[in-house]
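>>> have a look; sequence and predicted model below, questions after that.
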Amino acid sequence: MLMAATLLVILVASELFTNALEHLGEKLGISEGVTGSLFAAVGTALPETMIPLLALVGGTVNIEVNEEIGVGAILGAPLMLSTLSTALMALAVVRLRGLLGRMTPERSGQVRDLNFFLFAFALAGLAMVVPVDARALRRALSLVLVLIYSAYIWRTLQASNRLVEQGHGTAAVKQLFFARLGLPTTWTMIWLQIGLGLLLLVAGAKGFIQGVESAAPILGVSALLLSLIVIPIATELPEKVNSILWIRRRKDTLAFGNITGAMVFQGTLLPAIGIMLTPWQPRIEVLMGVLVTLLAAGWLRVSAGARGFPVWALLLNGVLYAGYLVVTLRV
């Protein structure tokens, strides 16, 4: 009952949040790439960002469990986004567009996001072979990951004006929800709706996670495996729901930017925290997760053609996730 109720909260919050972001982007005159890859991606990544931070700063009295939850949540988020989330987007439109149909986000933004992610996440994976006592090298790698995300923000904002001129500006399709209550569509109302949407997203994800964690003893899985597989299903719901809403409305750039932008955010800043605050060692579940994530992101990069992504290609990412589940649960 708790999981069902909080899932409903997440769905409502996602509607509020995406609706307000469209109006914010329209008022600012920015591209859909900035709205999706920066604003929406970072905003909806808050629930899964809080899990590893809370776990590492003061989760339970068991430090080893805290570290397992932190590492699992950090690496599980990009795994879920690059595989299951993209496959769910394809499933949401396969009936309308067909297996041979195309999803057509603005290509330069997708290429930029995926290139940044693949480089940063590969670097985060390589950091696992760095000894725990090599603190200076670990600090340097964390700093590099932070700088990569800073460069990503700069490149995304730099491309905004050109994309708006090419017709990729953010445009709100529906009236602001607050305006339906008789309130004016002002800056204040837009920010209030964004704030309310974020609060509901965080509260809903937290409640959903509590329900999932209560079921953990019944499932009989470790804290690391739980955080790699089960927790991201809950914390990534905002990205999945927002992107499905946008892709069904043929706002492909917003839908993909929401996912790939979150991948860059979670493939740079969160691993930087993990490298600094955890042993960050190559356990079998972790290594397999990193490998599958890089394979899925690499396939997305290869599939990002001039005519967009084929629907069938994204469904293959869901197959990768299913394969990961089968192997890790057996191990």
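Sure thing, it's come through.

>>> which other residues reach stretch 300-320?
82-84, 86-91, 93-94, 97-105, 107, 110-111, 114-115, 118, 252, 256, 260, 292, 295-296, 299 (C-beta atoms under 8 Å, 6 or more residues apart in numbering). To be clear about C-beta, it is placed using only N, CA and C from the backbone, and glycine gets the same treatment.

>>> for L99, see how far away the closest residue to V94 other than its chain neighbours is.
Distances taken as C-beta to C-beta, 6 or more residues apart in numbering put V311 closest to V94, at 5.5 Å, once the chain neighbours are dropped. Relative to L99, V311 is positioned 6 Å away (C-beta to C-beta, to the nearest Å).

>>> then L145?
For L145, the distance to L99 - C-beta to C-beta - is 37 Å.

>>> now swap in L314 and tell me
10 Å.

>>> before we move on, what about I153?
Distance from I153 to L99, by C-beta to C-beta: 36 Å.

>>> more neighbours: which of these two?
I153 (15 against 11; other C-beta atoms under 10 Å).

>>> excluding its backbone neighbours, what's nearest the more buried one?
L38 (6.7 Å).

>>> show the contacting residues for that neighbour.
Residues 153, 156-157, 261 are the ones in contact with L38 under the rule C-beta under 8 Å, 6+ apart.

>>> circling back to that earlier point, among the contacts of stretch 300-320, which are in helices?
Counting by DSSP state H, the part of those found in helices is 86-91, 93-94, 97, 107, 110-111, 114-115, 118, 252, 256, 260, 292, 295-296, 299.

>>> could you list the low-pLDDT ranges of the stretch 101-250 of the chain?
160-173, 209, 212-213, 215-216, 221-223, 226, 234-239 (pLDDT under 70).

>>> returning to what we had before: selecting buried members of the ones in helices among the contacts of stretch 300-320 in ChimeraX, what would you type?
Typed into ChimeraX, the line below selects the buried ones among the ones in helices among the contacts of stretch 300-320, using 16 or more other C-beta atoms under 10 Å:
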select :86,87,88,89,90,93,97,110,114,115,118,252,256,260,292,295,296,299
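
>>> residue boundaries of the helices in the stretch 201-331 of the chain?
223-225, 231-235, 237-248, 252-277, 284-303, 311-330 (DSSP state H, counting those that start in this stretch).

>>> tell me the most buried of the ones you listed?
helix 252-277 (a mean of 27; mean count of other C-beta atoms under 10 Å).

>>> how far does it sit from its chain's centre?
In terms of C-alpha atoms, centre = their mean, to the nearest Å, the centre of helix 252-277 is set 6 Å apart from its chain centre.

>>> now do it against helix 86-97, angle only.
Counting by axes from the mean of the first three to the mean of the last three C-alpha atoms, to 10 degrees, helix 252-277 points 170 degrees away from the direction of helix 86-97.

>>> relative to helix 284-303, how tilted is helix 252-277?
Using the same axes, to 10 degrees: helix 252-277 against helix 284-303 is 150 degrees.

>>> go ahead and confirm G25 touches F39.
Yes: using C-beta atoms under 8 Å, G25 makes contact with F39 at a distance of 7.1 Å.

>>> which one of those two has more residues nearby?
Shown here are G25 and F39; by other C-beta under 10 Å, G25 has more neighbours (26 against 23).

>>> which of the helices or strands spans the more buried one?
Using DSSP states H and E, G25 sits in helix 2-28.

>>> what of A151?
Here A151 is assigned to helix 135-158, by DSSP H and E.
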